[in-house]
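**Student:** sequence-free structure coming up:
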């Protein structure tokens with residue numbers, strides 16, 4: 001009995017051991033098919049590598065297109081830079097043109113202002129002359145014939161002095177009082193207005209006409225540096 005038990009145990013162990021292998025045929029189950037053993041096979045080719053192998057004939061053309069595209073981009077950048085430089089030069093040219101036009105405009109204005117400045121200069125000269133004339137209206141020349149003369153002695157001329165009054169009204173009053181004064185006539189003292197050189201020249205220029213008019217009995221007089229005949233201003237010859 002003990003031998004039979006040991007045999008049966010050994011048989012059961014063998015059965016269990018044999019059923020552990022995947023290639024062991026299952027005797028008890030008849031509905032399952034036998035699985036094929038996993039044998040080593042060739043590694044499949046990746047899809048990307050297959051596409052690269054297919055596109056190998058067009059790779060050179062693709063590279064050429066890429067190179068051409070790069071060159072076109074470089075040329076485009078250079079053209080853009082050149083266009084910017086041209087724009088800057090154009091703006092500078094426009095600015096220079098505007099500056100030149102502005103200078104020409106200023107020159108034209110200055111040229112046009114020259115006659116105005118000349119007139120203003122003449123007006124200022126006349127104004128200064130008028131002020132000098134007005135200042136001299138406060139003066140009287142006194143001609144004296146004495147032994148002690150003032151200034152350098154000149155044959156045939158009397159020495160003259162200038163008297164300046166504190167106010168013109170005093171000068172006019174004194175002058176009017178001495179015109180018909182007997183003492184002044186007896187002493188040979190004469191007073192006359194003090195004129196500047198320009199006024200003396202102007203009076204001397206019209207005096208020949210006025211002298212002829214006076215000889216003909218016409219009304220002749222001076223008003224400052226200007227001479228009048230019958231109320232009409234006299235111009236020099």
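**Tutor:** Sure thing, it's come through. Bear in mind the structure is a predicted one, so any value in this text is a computation, not a measurement. Residues are numbered from 1 along each chain as shown.
**Student:** who touches stretch 203-213?
**Tutor:** With CB atoms under 8 Å, 6 or more residues apart in numbering as the test, stretch 203-213 has contacts from 195, 220, 222, 225, 226, 227, 229, 230, 234, 235, 236, 237. Where C-beta positions appear, they are placed from N, C-alpha and C, glycine not excepted.
**Student:** show me where this structure has helices.
**Tutor:** For the chain, applying DSSP state H gives helices covering 2-19, 47-136, 168-179, 182-187, 197-215.
**Student:** turn those helices into a markdown table, columns for distance to residue 152 and mean pLDDT.
**Tutor:** Formatted as a markdown table, these follow (distance: least, CB to CB, whole Å; pLDDT from 0 to 100):
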| stretch | distance to residue 152 | mean pLDDT |
| --- | --- | --- |
| helix 2-19 | 168 | 48 |
| helix 47-136 | 22 | 84 |
| helix 168-179 | 26 | 86 |
| helix 182-187 | 22 | 85 |
| helix 197-215 | 19 | 91 |
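**Student:** how far away is the most centrally placed residue in the chain from residue 91?
**Tutor:** The C-alpha lying nearest the average C-alpha coordinate of the chain belongs to residue 99 (CA atoms, centre = their mean; 7.9 Å). Applying CB to CB, to the nearest Å, the value for residue 99 to residue 91 is 13 Å.
**Student:** what count of nearby residues applies to residue 186?
**Tutor:** Neighbourhood size, residue 186 [other CB atoms under 10 Å]: 8.
**Student:** now do the contacts for it.
**Tutor:** Not one residue lies near residue 186 by CB under 8 Å, 6+ apart.
**Student:** now do it against residue 198, distance only.
**Tutor:** Using CB to CB, residue 186 is found at 35 Å from residue 198.
**Student:** ok, the residue nearest to the centre of the chain to residue 113 distance?
**Tutor:** 21 Å.
**Student:** same question, residue 220
**Tutor:** Taking CB to CB as the measure, residue 220 falls 43 Å from residue 113.
**Student:** comparing the two, which residue is more hemmed in?
**Tutor:** Taking neighbours as other CB under 10 Å, residue 220 and residue 113 compare with residue 220 leading, 20 against 11.
**Student:** residue contacts, the more buried one?
**Tutor:** Residue 220 is in contact with 210, 211, 213, 214, 227, 228, 229, counting by CB under 8 Å, 6+ apart.
**Student:** for it, give the beta-bridge partners.
**Tutor:** residue 229 (DSSP bridges).
**Student:** give me the pLDDT for it.
**Tutor:** We have a pLDDT of 92 for residue 220.
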